[in-house]
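Chemist: Sequence plus the predicted model coming up.
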There are 2 protein chains.
Amino acid sequence: MAGTDSSKALPATVRDDGGPAIVLVRPQLGENVGFAARAMLNCGLTDLRLVAPRDGWPNDKSRAAAAGADAVIEHARLYDTAAAAVTDLNLVYAATARSRDMLKPAIVPRQAAEALRVAYAAGQAMGILFGPERSGLTNDEVALADAVVTVPLNAAFASLQLGHAVMILGYEWYQGGETAVSTDGMAERNRPATKAELLGFFEHLERELDACGFLRVAEMRPNVVRNIRNMFQRAGLTEQEVRTLRGIVKGLVGARGRNRGGE
Amino acid sequence: MAGTDSSKALPATVRDDGGPAIVLVRPQLGENVGFAARAMLNCGLTDLRLVAPRDGWPNDKSRAAAAGADAVIEHARLYDTAAAAVTDLNLVYAATARSRDMLKPAIVPRQAAEALRVAYAAGQAMGILFGPERSGLTNDEVALADAVVTVPLNAAFASLQLGHAVMILGYEWYQGGETAVSTDGMAERNRPATKAELLGFFEHLERELDACGFLRVAEMRPNVVRNIRNMFQRAGLTEQEVRTLRGIVKGLVGARGRNRGGE
């Protein structure tokens, strides 16, 4: 039954960029397969391979838990053994919670992601094996892998939900490909204040603080003024915000300002 | 109902090392609270705060989904509002999927973890807000935070399961613990303001801005108030600076305040 669905093309909206296959070996709960599928698509991964899922396939609970990652669910491929699921892959990692008594390099997810990106750039096919919820991968299954990946976590409570484990590996894979950070256009819509605008606000504020007696202790004045300026400098104010602040000062002074004949 | 369970001690096996509180705002599905609790304990986090959970509390589905993270579930604290849940915290991040039209710094989880570790080393209390599954945090809830954290993911399928979102933030927090963080001692001399202190200043300022007519255009008021709050949030104010700002407002109001008989 290996690769039964491989002939189906992915919908055009789902771009398979050739990231690592996620191989779930004998997963127990149908919904965990769905959680894993959702986490995969969050990270741009679409190649889901299932080895003898206990609750059968297709599975309604998997589909529901995938929460819209239908393309991943529909194009999952079934295999009888972990060995059969990885035959076409060049680089395979095994996710394990415990350290194993095996002569196998053990790495953390960030290192795995780096190595996967190198392999990806070289055009290799890659995969990550995840074992059953309760027992994890057998030693023979781990032996299929080039290295073991273990997530460094609270040793007193290290058992990861299957979906969470896929999420962490997928997340690290995705971050490894992200060099450009998305801009939200915030800075373009809101020009940072110039130093001249800031200074104008500071002088306005200090004039009013002198007038109301807030800065009346002469020997304290330089220090207090500096602290106030530092505080507003740190906020990284926009030009609009400086205008708002001037409006606030003017508003608060209000009647007092008018009493002494304007401002 | 705030903090009803705070008197219960954590069992000795669960070491609360003072990592960030996880604040789930109006979570919908009970089981998602459990997934989040499990992810928290995986990462050594134990301070779970629930704001008006839809499915009620305590919740059997939450406990089952927590898969052994009972200590986190049992010591969860309930609050009526997100604001009430963060009053004792010095540094608060808001996890959001979408970029917001707000003047709030947007960072990625790894940057958040770095900043949280610095705050942790300085003895600050920290928290991360997560919104309801379907809708996310409201703008007013986001405004409580010092910055927005967004996980860079597949833009075509960016909706994270609540438990997965907690897992990624917790994972980055935990990985950040591997490196020692240096403190410069400045933070100890200048304690960051708590959210309660900040809120006290905001309310003072807004009362005076109402009184002087600055906020007189009713339909603009919520937006103007939010922008002003965001601006001051960004400055990362200390407790001393908040007192200075209250002094400034009081001073500027001055004669006007006395004219109407007080303040």
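Modeler: Arrived safely, thanks for sending.
Chemist: what comes up buried for stretch A:130-143?
Modeler: For stretch A:130-143, the buried set under the neighbour-count rule, 16 or more other Cβ atoms under 10 Å in any protein chain shown, comprises A:130-133, A:136-137, A:141-142. Quick note: C-beta positions are derived from backbone N, CA and C, even for glycine.
Chemist: after the one helix or strand residue A:148 maps to comes which helix or strand?
Modeler: Assigned by DSSP states H and E, residue A:148 belongs to strand A:147-149. Under the assignment DSSP H and E, the closest C-terminal helix or strand after strand A:147-149 is helix A:162-177.
Chemist: who's in contact with the residue nearest to the spatial centre of chain A?
Modeler: Residue closest to the mean C-alpha point of chain A, counted by Cα atoms, centre = their mean, is residue A:171 at 5.7 Å. Contact analysis of residue A:171 by Cβ atoms under 8 Å, 6 or more residues apart in numbering or on different chains lists A:42-43, B:151, B:153, B:168, B:171.
Chemist: Got a PyMOL select line for the buried ones in those?
Modeler: A single PyMOL command is used to select the members of those judged buried by 16+ other Cβ under 10 Å:
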select buried, (chain A and resi 42+43) or (chain B and resi 151+153+168+171)
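Chemist: would you turn the contacts of residue A:171 into a markdown table with distance to residue B:199 and pLDDT?
Modeler: Listed next are those as a markdown table, based on distance: Cβ to Cβ, whole Å; pLDDT from 0 to 100:
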| residue | distance to residue B:199 | pLDDT |
| --- | --- | --- |
| A:42 | 35 | 95 |
| A:43 | 38 | 95 |
| B:151 | 28 | 92 |
| B:153 | 33 | 90 |
| B:168 | 29 | 97 |
| B:171 | 31 | 96 |
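Chemist: Residue A:87: how many residues sit nearby?
Modeler: Residue A:87 is flanked by 11 other residues according to other Cβ atoms under 10 Å in any protein chain shown.
Chemist: correction: residue A:146
Modeler: 17.
Chemist: and it, how far is that from chain B?
Modeler: Distance, residue A:146 to chain B, by Cβ to the nearest Cβ, to the nearest Å: 23 Å.
Chemist: Break down chain A into its strands, ranges please.
Modeler: Secondary structure of chain A by DSSP state E: the strands cover A:21-25, A:48-51, A:77-79, A:91-95, A:106-107, A:126-130, A:147-149.
Chemist: what's the closest of those strands to residue A:195?
Modeler: Closest of the strands of chain A to residue A:195 is strand A:106-107, at 48.4 Å (criterion: Cβ to Cβ).
Chemist: So that closest one, near chain B or not?
Modeler: No: applying Cβ under 8 Å from any Cβ of the partner chain, one finds strand A:106-107 out of contact with chain B, separated by at least 13.4 Å.
Chemist: Tell me the helices and strands packed up against that strand.
Modeler: When contacts are defined as 3 or more Cβ pairs under 8 Å, 6 or more residues apart in numbering or on different chains; DSSP states H and E, strand A:106-107 sits against strand A:147-149.
Chemist: The strand it packs on pairs with which strands, parallel or anti?
Modeler: Applying DSSP bridges, strand A:147-149 is found paired with strand A:91-95 (parallel), strand A:106-107 (parallel).
Chemist: what separates the closest residue to residue A:20 other than its chain neighbours from chain B, distance-wise?
Modeler: In this structure, residue A:20 finds its nearest non-sequential neighbour in residue A:126, 4.0 Å apart by Cβ to Cβ, 6 or more residues apart in numbering or on different chains. As judged by Cβ to the nearest Cβ, residue A:126 and chain B stand 18 Å apart.
Chemist: so what's residue A:252 closest to, chain neighbours aside?
Modeler: Using Cβ to Cβ, 6+ apart, the nearest residue to residue A:252 is residue B:252, at 4.0 Å.
Chemist: tell me, how many neighbours does the one you found end up with?
Modeler: For residue B:252, using other Cβ under 10 Å, the count is 27.
Chemist: That one reaches residue A:212, doesn't it?
Modeler: Yes: with contact defined as Cβ atoms under 8 Å, residue B:252 reaches residue A:212; the gap is 5.9 Å.
Chemist: Around the closest residue to residue A:213 other than its chain neighbours, how many other residues sit close by?
Modeler: Leaving aside its chain neighbours, residue A:213 sits nearest to residue B:251 (6.7 Å; criterion: Cβ to Cβ, 6+ apart). Residues lying near residue B:251 (other Cβ under 10 Å) number 19.
Chemist: and residue B:251, what does it touch?
Modeler: By Cβ under 8 Å, 6+ apart, the residues touching residue B:251 are A:209, A:212-214.
Chemist: Redo the residues you listed as JSON lines? Include pLDDT and neighbour count.
Modeler: Output for those, formatted as JSON lines (pLDDT from 0 to 100; neighbours: other Cβ atoms under 10 Å in any protein chain shown):
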{"residue": "A:209", "pLDDT": "93", "neighbour count": "21"}
{"residue": "A:212", "pLDDT": "91", "neighbour count": "20"}
{"residue": "A:213", "pLDDT": "90", "neighbour count": "10"}
{"residue": "A:214", "pLDDT": "91", "neighbour count": "22"}
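Chemist: circling back: could you work out the most separated pair of the buried residues of stretch A:130-143?
Modeler: The distance between the two most remote of the buried residues of stretch A:130-143 (Cβ to Cβ) is 16.4 Å, for A:133 and A:142.
Chemist: re the thing from before, name the stretch from the strands paired with strand A:147-149 where average model confidence is lowest.
Modeler: Mean pLDDT per stretch puts strand A:106-107 lowest among the strands paired with strand A:147-149, at a mean of 87.
Chemist: Contacts for it next, please.
Modeler: By Cβ under 8 Å, 6+ apart, strand A:106-107 touches A:93, A:99, A:115, A:147-150.
Chemist: Can you say which of the residues you listed are buried?
Modeler: When neighbours are counted using 16+ other Cβ under 10 Å, the contacts of strand A:106-107 contain these buried positions: A:93, A:115, A:147-150.
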